[in-house]
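Asks: Quick one, what's the 3D model for this:
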Amino acid sequence: MYFGSHVSIRNGYYSAAKTAHSLGATAFQFFPKNPRSITVKDYDKDDAHQCATFCSKHNIKSIIHTPYPTKLIPEDQELEKLIILSLINDLEIAAACGSIGVVVHFGTTKTLPPLEGYKKKIDILNQVLSHFSGDAQLLIENNAGAGTDMGITLEELTQVRKLTEYPEKIGFCFDTCHAYASGIWNGDNWKELEKKGMDLEYFPHLKAIHFNNSKYSFSSRKDRHANLLSGQIKVEQLRELLTSSLLTNIPFIVETPKDEGTTHQT
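Replies: Coordinates of the predicted model:
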């Protein structure tokens, strides 16, 4: 199995890989560029290649997380253009670094009716993936349900993938905190979720896990990560995921390296 955490690229992609290795990690996550910007990055291709080579040599798996402003349901055309170019850029960096793929939040909308929001999201995915031919995938992450009902269920995630023109270029990232906060996983119904996920063809396309505890209670709809040993999800409940035969060879990424916990916007 593969375990690690989010790592800084302050000194480059190759340095991030070496940092993960020095910590004893067999997996890591990183931002492809400034986490607060969706400006296209003219990245160092040699540095990316060194990262890929190092990870291959040491059997380390990596994933990229899109910058925070990335939205799959943008409110205006100008933002839409910027996001499409940014996501293509992220995928190119992921492919160059030998990463599995690029994690992107499912997205929400407050300006469009839900059906129009789903249509917009699928259109954005099609535009991005039509301009990318590399090996990396877009990995859609489940929402915690903070202020929205969108992107919570496995049904939504798998249906969106099937409705795109490039389903083979799309995978999933399962966030344990989000699943608990949204109400689809109460800590004791993992076997039921496994069955549903297999019936819906979710697990065959699951490529990464954000292994986070939750600061708030089950179905709270609050997206606040907690340290693995101090949150609402019990250790034995987290252990059940670790021993699941469906999650073998999938990287587990911890996003709470500090005890005070972190927030990840959905």
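Asks: in stretch 215-224, what counts as buried?
Replies: Buried positions in stretch 215-224, judged by neighbour count with 16 or more other C-beta atoms under 10 Å: K215, Y216, F218, S220, R221, K222, D223, R224. The C-beta positions use only the backbone N, C-alpha and C, and glycine is treated the same way.
Asks: now, which of the residues you listed sits nearest S56?
Replies: Proximity of the buried residues of stretch 215-224 to S56 (C-beta to C-beta) peaks at D223, which lies at 34.1 Å.
Asks: Which residue, neighbours along the chain excluded, lies closest to the closest one?
Replies: Across the structure, with C-beta to C-beta, 6 or more residues apart in numbering as the measure, the residue nearest D223 apart from its sequence neighbours is A144 (3.7 Å).
Asks: since we're on that neighbour, how many residues are nearby?
Replies: 29 (other C-beta atoms under 10 Å).
Asks: Over to K41?
Replies: Other residues within reach of K41, judged by other C-beta under 10 Å, total 16.
Asks: Could you look up the SS state of it?
Replies: Applying DSSP: H, G, I helix; E, B strand; the rest coil to K41 yields a three-state assignment of coil.
Asks: how near is the residue nearest to it when sequence neighbours are not counted to T111?
Replies: Closest residue to K41 apart from its sequence neighbours, by C-beta to C-beta, 6+ apart: K33 at 4.0 Å. Distance of K33 to T111, given as C-beta to C-beta, to the nearest Å: 27 Å.
Asks: now do P204
Replies: 34 Å.
Asks: what do you get for L229?
Replies: 40 Å.
Asks: neighbours of the nearest residue to N213 once chain neighbours are set aside, just the number please.
Replies: Once its chain neighbours are removed from consideration, N213 has its nearest residue in G231; the separation is 2.7 Å (C-beta to C-beta, 6+ apart). Taking other C-beta under 10 Å as the neighbour definition, G231 ends up with a count of 23.
Asks: Burial check on S8, number of neighbours?
Replies: The number of residues packed around S8, counting by other C-beta under 10 Å, is 11.
Asks: how about it, secondary structure?
Replies: Classification of S8 by three-state DSSP places it in coil.
Asks: re the thing from before, who has more neighbours out of K33 and T111?
Replies: For K33 and T111, the more surrounded residue by other C-beta under 10 Å is K33, and the numbers stand at 21 against 10.
Asks: Cool, thanks, signing off.
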